[in-house]
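**Q** build me a structure from this.
(chains A, B, C and D, ligands or ions: 4)
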Amino acid sequence: MSIEETISRRTGSGKNDLSVPPLTEDDLLEMYRTMVLSRTLDERVWLLNRQGKAAIVASAQGHEGAQVGAVKASDPSRDHYLIYYRELCTMMALGVTPTEMLLGFLAKEGEPMSSARQFPLHGSMDRVDIVSFSNVVATQLPHAVGFALADQMRGIDAVTIAYFGDGAASMGDTHESMNFAGIHKLPVVFFCENNRYAISVPLSKQMAIDSVADRAEGYGMPGVTVDGMDPVAVYEAMYLAIANARNGGGPTLVEARVERFYPHTSDDDHTRYRSADDIETMTQRDPIEIMEQLLVSRDLLGEARKEQIWDSATRIVNEATQAAEDAPLPQPTGDNDIYKHLYADSNGN
Amino acid sequence: MSIEETISRRTGSGKNDLSVPPLTEDDLLEMYRTMVLSRTLDERVWLLNRQGKAAIVASAQGHEGAQVGAVKASDPSRDHYLIYYRELCTMMALGVTPTEMLLGFLAKEGEPMSSARQFPLHGSMDRVDIVSFSNVVATQLPHAVGFALADQMRGIDAVTIAYFGDGAASMGDTHESMNFAGIHKLPVVFFCENNRYAISVPLSKQMAIDSVADRAEGYGMPGVTVDGMDPVAVYEAMYLAIANARNGGGPTLVEARVERFYPHTSDDDHTRYRSADDIETMTQRDPIEIMEQLLVSRDLLGEARKEQIWDSATRIVNEATQAAEDAPLPQPTGDNDIYKHLYADSNGN
Amino acid sequence: MATKTVIEAVRDAMHEEMSRDQNVLIMGEDIAERGGVFLATDGFIDDFGSARVIDTPLAESSIVGIALGAAVNGLRPIAEIEFADFVWPAMNQIVGEASKVRYGTAGKKYAPMVVRMPYGGGVRGGLYHSQSIDVVFAHQPGLQVVAPATPYDAKGLLKSAIRSNDPVIFLEHKRTYRLVRGEVPDQEYTLPIGVADVKREGSDLTVVAYGLMVHYCLEAANMVAESDGIDAEIVDLRTLSPLDRETILKSVRKTSKALVVQEDSLSYGIGAEVAASIATGAFEDLDAPVARLAGPDLPEMPFSPALEAEYMLSPEKIAAAIRDLAAY
Amino acid sequence: MATKTVIEAVRDAMHEEMSRDQNVLIMGEDIAERGGVFLATDGFIDDFGSARVIDTPLAESSIVGIALGAAVNGLRPIAEIEFADFVWPAMNQIVGEASKVRYGTAGKKYAPMVVRMPYGGGVRGGLYHSQSIDVVFAHQPGLQVVAPATPYDAKGLLKSAIRSNDPVIFLEHKRTYRLVRGEVPDQEYTLPIGVADVKREGSDLTVVAYGLMVHYCLEAANMVAESDGIDAEIVDLRTLSPLDRETILKSVRKTSKALVVQEDSLSYGIGAEVAASIATGAFEDLDAPVARLAGPDLPEMPFSPALEAEYMLSPEKIAAAIRDLAAY
Ligand SMILES: Cc1ncc(C[n+]2csc(CCOP(=O)(O)OP(=O)(O)O)c2C)c(N)n1
Ligand SMILES: Cc1ncc(C[n+]2csc(CCOP(=O)(O)OP(=O)(O)O)c2C)c(N)n1
Ligand SMILES: [Mg+2]
Ligand SMILES: [Mg+2]
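**A** Numbering: from 1, shown residues only, chains lettered A, B, ... in the order given. Ligands and ions are numbered 1, 2, ... in the order given. Next comes the predicted model:
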């Protein structure tokens, strides 16, 4: 069944109400640039970690296509992004700068999400509604549902995207959230980045089924699985899900099948639990290469432009590294007083 | 799809491996007697509650067919019953006496499950492995899965039945338990008594789907819905599920559609939230009458025998009431010392 | 002034705040048509509609987690947990998440929400309808924990809780719901969170308590005044966190003796912090060791009446402890 | 005697018990092929097989709840929670359920299980990899709560925990895992749960601590001995519940002064019960108010190094508190 059919069957809307605007050449190039920038920055953070400068990194490598496709389908000026730790490319796509990201990884002063109180990618952003309160897996799903409930109640036209992994699908919070969203037909899209592993636990020990999307029916919502290595396929699926949510059609569960190219985090060593074969084959498809092939096939990318894009990314990341390394570590005084922001002040702020 | 087909399709066993032994005349009469006894005792407890003698009662009226059918399909000499509070008829079918039950409702000395420390039906029995540790909805589901895991690991031939309601289906614990049982193909049957209400919350506010059994697919197990007002239908479905579990086929989710004839508990008033229509129609089918019709159609029940069975139940319940009323309330000394059974003694007991 | 019960005061506070502020909503089990199992929201569904009075599925973690998301995104949800005993599945969303929103975003996001729940024993609730879960919340900075004893306090504090821009755990002792009556002003008022209250002035010793125990302590104080001429001062904590150490210490510095009373089991309970704070803060003033009277260190309160009574404190038990302390 | 780290001692204890008793199994996230994120179960999958070393789904409530069911039905499960910060979703199954099995069945059923978890800060763990969650367990009668500081204690106590017929919460301070080394006997031994240990004898004052703080206190004691000639006695609680008040009081009666040190935030923490127990139990002996040194009342430990250091106690901060108390 096509994604249009799956969604329209469940929601009762006509299939023809749902159509996906094709991506322009600029869109495609921008997506590619973002993925390249994310990959370059990601590599840099691993380096900084190995140098003892970045305490921890959870890599988005292999997830970039899914992440850039999902953001492209959304509207950053009004939508809410309840991310988890593996969303480096999502952040890039939403316009967070490499310097801002690196301030997070190096826990430096000026870090925008939590003032370096939290792990990288945790806290919230001001410019775009990116939110990730905690490291506890799946807790963001009920939060996302609450965001959507608040919007629905006040008639605010925004969609909330709840990001999570295949491991997170096992948590009780995931079940409770999807159930509530289904009952109230809330404008939320559950976006699962299924990379077949939760740290070391493979999918077969995480669930007795092959596809997280198969759970959607049990919550009265459409569930679709998409090739997460293909940014355009993810864009299309997410566009339909988001459009449907925006039109009052309720939630959708979109599962993007991706690969986690690196170990779980910089503290992990995946050779302990992944077979050589598995490691070898998982990188045979790379979302960046898939995007390159598309661009090449459309005559949008030649070797020169490609080199220029990669070089530009390196330059940007170099500058960002410099800026972040130069930034001071926050000292627990003044604005960074650790006693600040415990409760609202007397003005309620 | 038939229940045989559903189960065999999922588990890969041949349909013909599964067959249900027909119930004998004695079986049917015994089931009827148990239901009548349960109904009579249930009525009595409401009376005792209205007289201020029983602190609380959650009625099984309307659930008796499902409960008696499920027990009939199991083997009390080895199976485990992880019940919840609404299992009065399950307890009767498992051979717990009306006196024992009434000692629980009146919180009297000699109460067999918790020595009157807990609400009625909470604690555990010695003769049959009936267990219900707590009032917190759905917590018994992971316990049941743990029971089954322990049996599976040691090659013990026992099946665990996990009882729960439609409301309990929403809890995270339910999701996590079914997921684990599915992965490890554990010998557990999830038995949902769906009475369309969780206290006052109707099914439509509990889930966006019509049938709890539809969730089973998402855990890689068969899910079947059965008319819970028909004891024989429940027996058959549960027999197949239990036999399949015993044969290593793994878990099944069996949903029995029942009606809750009385308010949630003696503290509730369902006219606040159920329409007159709903209350009127829900009692139009009664599991006891359905059983009577079956018995009559098989020439097993005439008016005289029927009267004798009901009279006998009343006599038994009268005697039990007397015995329970005569029993003393436990005093916090000696065996009922409230400091007892906090931790094991020095012998580990 | 009208005389109200605690449950009426709770209902009135929510009704007034929901009428006053469109962004206040209430969600929980059985709160809509049923009006709540204790009728705290009786009639709300008619007055405010199903968008603002939401019967949730039976799933506490999501009740709190969804309320939290809605709070951060602009609403002021009141999440009702049907009994405090059932809040454990939601502990992660309360203690783990809600408490850290403001802190963990360095003030950019915050969660104006109230989690209400009936707690406490002496109602034949057995192991799972009698629990005191207060210290688990009180231990977590970032939460405010309120536990009123009277209709007046309940109403004024609940209104403040709903208006607070940070999460409040609002603990209602279920035995006080209909048992305790008191005067409540007709005109609107609020009471500040974080301020204890001297419920009886006295000169011989200080008794610190909260919730139902305040009433038992007041009864006990009357007993010992009559029988032994002991003049006890009763401090009602009202807010468990942040703890108003100042009011407690002021009283103990005056009386030089302190008894801390708590319904919950003794060890690591609310009374431990109160007693420790007194022992350190009023060291030079104390004429006797700080005494604690609490439930026994048992998993919970048993069901059968005499067993429950053995577990539960009573005015008589408190009076005996007061006499002992006075005699030190 | 061999020198081992804490994590090696933990691993050895489990390995020995699993070899000794077929009914012991371990379940948790990443414990099989991965050998645990801290390698506590390194190699177990090869030695004991996948039926006894179970990689669970990412679902803490079920990890504990299933372990509980298995325990009641005859096994001795060890449930591993990957980080203590992630135990909150399982709180209901631990505090609500496991603690009450024996009590609520009047002794007919019981739950021989251990829930192990790495806790504590000073590891750049930020808000969600630094938490001390000890008091929430210690407050619940029916649980035993163990928090060793040394390899010797960790091994002996974990073996006892696995053999106990009632649930044990076993708290391993993750910063001690590789940092702390110590002698461990080659022959088999167990240590009794519920018994505190004097880790340093001294005459001037008593310092009570547990976990990582024991080592910081020992360092601090050496500092003040050298710099000020202060002779501090260090009591390591080892078990938080049941609390060994006797050993604590014996020490304080000797020294007449007490400092209670706790990494966790101050209010309603473990130290409150210890301080309150001392203040009451040793009232006549105390020459100074019981002092408490603890983390600040903040939601959690921040991530950036200087912020973390500001939150976290250190030997220097403890030494300063010892000097203050000695000078009282
Ligand atoms: C409740 C909880 N349990 C355990 C952890 C430790 N942990 C962090 S990430 C992770 C695996 C998550 O896997 P998945 O959801 O598939 O996301 P992925 O990392 O593969 O993108 C685990 C177990 C946690 N953070 N929260
Ligand atoms: C976790 C939890 N939340 C709330 C309650 C209060 N409560 C007791 S029974 C019940 C409804 C259960 O409904 P269902 O599972 O459908 O079973 P039924 O009573 O209809 O047989 C509720 C909400 C509880 N016991 N546990
Ligand atoms: Mg994954
Ligand atoms: Mg029901």
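
**Q** for chain A, give me the ranges with low pLDDT.
**A** Flagging of chain A using pLDDT under 70 yields the residue ranges A:1, A:8-17.

**Q** which residues of it fall in strands?
**A** Assigned strands in chain A, in chain order: A:80-82, A:123-124, A:129-132, A:160-165, A:188-194, A:197-198, A:201-202, A:223-227, A:252-257 (criterion: DSSP state E).

**Q** quick one, which of the ones you listed is nearest to C:Tyr103?
**A** Among the strands of chain A, strand A:123-124 comes nearest to C:Tyr103, with 9.8 Å by C-beta to C-beta. To be clear about C-beta, it is placed using only N, CA and C from the backbone, and glycine gets the same treatment.

**Q** still on that earlier bit, now the strands of chain A as a markdown table including distance to D:Glu80?
**A** Below are those laid out as a markdown table (distance: least, C-beta to C-beta, whole Å):
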| stretch | distance to D:Glu80 |
| --- | --- |
| strand A:80-82 | 28 |
| strand A:123-124 | 29 |
| strand A:129-132 | 26 |
| strand A:160-165 | 20 |
| strand A:188-194 | 25 |
| strand A:197-198 | 15 |
| strand A:201-202 | 13 |
| strand A:223-227 | 32 |
| strand A:252-257 | 29 |
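
**Q** what's the closest of these to B:Thr265?
**A** Set against B:Thr265 and scored by C-beta to C-beta, the strands of chain A come closest in strand A:188-194, at 35.0 Å.

**Q** right, and A:Thr265 touches A:Ala54 too?
**A** No - applying C-beta atoms under 8 Å as the test, A:Thr265 and A:Ala54 come out as separate, 10.8 Å apart.

**Q** who has more neighbours out of those two?
**A** Using other C-beta atoms under 10 Å in any protein chain shown as the criterion, A:Thr265 and A:Ala54 rank with A:Ala54 on top: 21 against 16.

**Q** the more buried one contacts A:Val45, correct?
**A** Yes - with contact defined as C-beta under 8 Å, A:Ala54 reaches A:Val45; the gap is 5.4 Å.

**Q** quick one: common contacting residues for these two?
**A** Common contacts of A:Ala54 and A:Val45 (C-beta atoms under 8 Å, 6 or more residues apart in numbering or on different chains): A:Phe105.

**Q** what about residue 181, neighbour count?
**A** Just going to use chain A. Using other C-beta under 10 Å, A:Ala181 is surrounded by 33 other residues.

**Q** that was the other one, I meant chain C.
**A** 15.

**Q** and it, what is it in contact with?
**A** Neighbouring residues of C:Arg181 by C-beta under 8 Å, 6+ apart: C:3-5, C:151.

**Q** same question for A:Ala181.
**A** If you count contacts by C-beta under 8 Å, 6+ apart, A:Ala181 has them with A:145, A:148, A:188, A:190, A:219, A:221, A:250-251.

**Q** and if you look at C:Pro112?
**A** Counted by C-beta under 8 Å, 6+ apart, C:Pro112 has contacts C:71, C:76, C:163-167.

**Q** most neighbours, which of the residues you listed?
**A** Most crowded among the contacts of C:Pro112, counting by other C-beta under 10 Å, is C:Pro167 at 31 neighbours.

**Q** my guess is that one contacts C:Val145. True?
**A** No - with contact defined as C-beta under 8 Å, C:Pro167 does not reach C:Val145; the gap is 9.7 Å.

**Q** measure stretch A:85-96 end to end?
**A** 15 Å (C-alpha to C-alpha, to the nearest Å).

**Q** so what touches that stretch?
**A** Residues contacting stretch A:85-96 (C-beta under 8 Å, 6+ apart): A:31, A:34-35, A:37-38, A:41-42, A:58-60, A:63-64, A:67-68, A:70-72, A:76, A:81, A:83, A:98, A:101, A:112, A:119-122, A:125, A:127-128, A:130, A:132, A:135, A:163, A:165, A:193.

**Q** from chain D, how far out is the nearest residue to A:Arg215 once chain neighbours are set aside?
**A** Leaving aside its sequence neighbours, A:Arg215 sits nearest to B:Gly218 (C-beta to C-beta, 6 or more residues apart in numbering or on different chains; 4.0 Å). From B:Gly218 across to chain D, the span is 13 Å (C-beta to the nearest C-beta, to the nearest Å).

**Q** repeat that for C:Val180.
**A** Separation of C:Val180 from chain D (C-beta to the nearest C-beta) stands at 26 Å.

**Q** might you report the residue contacts of that residue?
**A** C:5-6, C:149-151, C:215.

**Q** and with 6 Å instead?
**A** Residues in contact with C:Val180 (C-beta atoms under 6 Å, 6 or more residues apart in numbering or on different chains) are C:Val6.

**Q** what's the closest non-adjacent residue to whichever residue of the stretch 1-150 of chain A sits closest to ligand 2?
**A** Across the stretch 1-150 of chain A, the shortest distance to ligand 2 (C-beta to the nearest ligand atom) belongs to A:Pro142, at 15.4 Å. Residue nearest to A:Pro142 in three dimensions, not counting chain neighbours: C:Gly65, with 2.6 Å by C-beta to C-beta, 6+ apart.

**Q** helices and strands around the helix or strand harbouring C:Val208, which ones?
**A** For C:Val208, the element it lies in under DSSP states H and E is strand C:205-209. Contact here means 3 or more C-beta pairs under 6 Å, 6 or more residues apart in numbering or on different chains; DSSP states H and E; on that basis strand C:205-209 packs against strand C:232-236, helix C:245-255, strand C:258-265.

**Q** element containing C:Phe303?
**A** Applying DSSP H and E, one finds C:Phe303 in no helix or strand.
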